[in-house]
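Undergrad: coords please:
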Amino acid sequence: MFSMLLLRFAQKITRRSFMRNSESVRILAVIIMALFMPSVILAQADPVDRPISVSCVPGFSSNGPTSYSVTTNFSINILGGLNRRVHGCEIGGLFNIEKEEVIGFQAAGVGSFVGADLVGAQIAGVVNVVGGYASGFQAAGVGNFVGSDFAGFQGAGVFNMVVGDFDVAQVAGVANIAEGEVRGVQIAGPFNFAEGNSGVQIAVVNISGEVIGGQIGVVNIARKVTGFQLGLVNVAEEMTGVPLGLVSIVGNGQFHVNAWFDETSILNVGLKCGSKHAYTVVEYGINPLGDYANNKLGLGVGGHIPADPLFVDIDAVGYSVVEGILPVTETRSSLLARLRVTGGWQISPKLAVTLGPTLNVWHSTEEDGSDIPLFDLLIYEHQGENTWTRIWAGFSVGVQLL
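TA: Residues are numbered from 1 along each chain as shown. From the prediction side, this is the model:
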């Protein structure tokens, strides 16, 4: 329930922001075109083809005041220019404006604005705007906007926006936003958003509807995932795949708190969360007894095999072990790796008892490890010049809550 509410909240906020920004860009494009197209309102002219056009600003060009009716193959705009279509190449000192489509190449110091479709490439110092479909390449210092579907590559210093579906790759310094399906890659600094994603999203925060592929970031949020999420916090309403993170909240997955006793610590607590069959664990254990009082902090991954009301968990966990009962210490830590097979009996929906064997590998430059287990079945030990390695078998017994 929490994952569903969080996803819907993120989608609502993102969509509202997207619609505000996209409408602002559209309004800006209309204003710019209206400023340089007064003759469109006052007169009509028959379409004409001219291979070369030269313009200072719209209305002062080789095409005269009716440049909005011209289809040209090569256009040079000293400051800016206005044409009906470009089927070829256009270069503008500041801006390029096309009433209809561009098939070919545009470059501008500030921006290029196309009322219909683009098939080819746009490069601008500030912004590129396409009112219809685009296919090819867009690169801008600030942003790219496409009012329908896009197939190709978008690269921008700040943002890329696509109202429809997107294919291939978006790369932005701040944000990529696709209102439709993304089939490819989104890479951004802080933020990616897509209504659906068949590929990979990489950013600090990734938000998507259905993901078929993966999300890599600090925070990943999706409605449905078929694939993986890799981040500190992963949220999914439904998942078929693997979430890898410090905290993974999956609507149809598992979220448990465990407490247990094993041969290395009299008290261990852990958080286990993930999908139906895969999970991550964060664990802390303390042993105040003996000559070497210590505590350990661990992180691991595992797999869950349900057989209601029984289950089996198999996981691998790596620990940092330090002397003392506080997790912060000035002493150097030692490493403990553990393979654990745990059987469980689900007594009630919120309570299970657990029991199982462990296989442990100790490696340290500080301690030989003989004082770490309270009891064990020693399998192997070795002392090097400045290192100790020790392998033993043990067991754990505990409870699982939630």
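
Undergrad: dump the residue contacts of Arg338.
TA: For Arg338, the contact set (CB atoms under 8 Å, 6 or more residues apart in numbering) comprises Gly298, Gly300, Ala316, Val317, Gly318, Tyr319, Thr358, Leu359, Asn360, Val361. Bear in mind the C-beta positions are built from the backbone N, C-alpha and C, glycine included.

Undergrad: in the helix or strand the third one falls within, what's buried?
TA: Spelled out, that is Ala316. Assigned by DSSP states H and E, Ala316 belongs to strand 310-323. By 16 or more other CB atoms under 10 Å, the buried positions in strand 310-323 come out as Phe311, Asp313, Asp315, Val317, Tyr319, Val321, Val322, Glu323.

Undergrad: Quick check: neighbours of that strand in the sheet, parallel or antiparallel?
TA: strand 294-307 (antiparallel), strand 334-348 (antiparallel) (DSSP bridges).

Undergrad: Could you give the average pLDDT over that strand?
TA: Mean pLDDT, strand 310-323: 94.

Undergrad: Put the alpha carbons of that strand into CSV.
TA: C-alpha atoms of strand 310-323 as CSV (Å, rounded to 0.1, in the frame of the first residue of the first chain):
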residue,chain,number,x,y,z
LEU,A,310,7.2,-23.3,5.4
PHE,A,311,10.0,-21.4,3.6
VAL,A,312,13.7,-21.5,3.0
ASP,A,313,16.0,-18.5,2.7
ILE,A,314,19.5,-18.7,1.3
ASP,A,315,21.7,-15.6,1.6
ALA,A,316,25.2,-14.4,1.6
VAL,A,317,26.2,-11.6,4.0
GLY,A,318,29.4,-9.6,4.4
TYR,A,319,30.2,-8.1,7.8
SER,A,320,32.6,-5.5,9.2
VAL,A,321,33.5,-6.6,12.7
VAL,A,322,35.0,-4.2,15.2
GLU,A,323,36.1,-4.5,18.9
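
Undergrad: The nearest residue to Leu267 once chain neighbours are set aside pairs with what?
TA: With sequence-adjacent residues excluded and distances taken as CB to CB, 6 or more residues apart in numbering, Leu267 is closest to Ile286, at 5.6 Å. Ile286 has the following beta-bridge partners by DSSP bridges: Leu267, Asn295.

Undergrad: pretty sure Ile286 contacts Phe261?
TA: No. With contacts counted by CB atoms under 8 Å, Ile286 stays clear of Phe261, the gap being 11.2 Å.

Undergrad: Is the nearest residue to Trp362 once chain neighbours are set aside in a helix, a strand, or coil?
TA: When the adjacent residues along the chain are set aside, Trp362 lies closest to Gly369, with 3.8 Å between them (CB to CB, 6+ apart). Classification of Gly369 using DSSP: H, G, I helix; E, B strand; the rest coil returns coil.

Undergrad: distance of Gly369 from Arg390?
TA: Gly369 sits 4 Å away from Arg390, going by CB to CB, to the nearest Å.

Undergrad: returning to what we had before: verify the stated contact: the residue nearest to Trp362 with Ile391.
TA: No. Contact criterion CB under 8 Å: Gly369 and Ile391 do not qualify, at 9.4 Å.

Undergrad: between those two, what contacts are shared?
TA: Trp362, Glu381.

Undergrad: which of these two has more neighbours?
TA: Per other CB atoms under 10 Å, whichever of Gly369 and Ile391 has more neighbours is Gly369, with 24 against 18.

Undergrad: re earlier: in contact with the residue nearest to Leu267, which residues?
TA: By CB under 8 Å, 6+ apart, the residues touching Ile286 are Ser265, Ile266, Leu267, Asn268, Asn294, Asn295, Lys296, Ile325.
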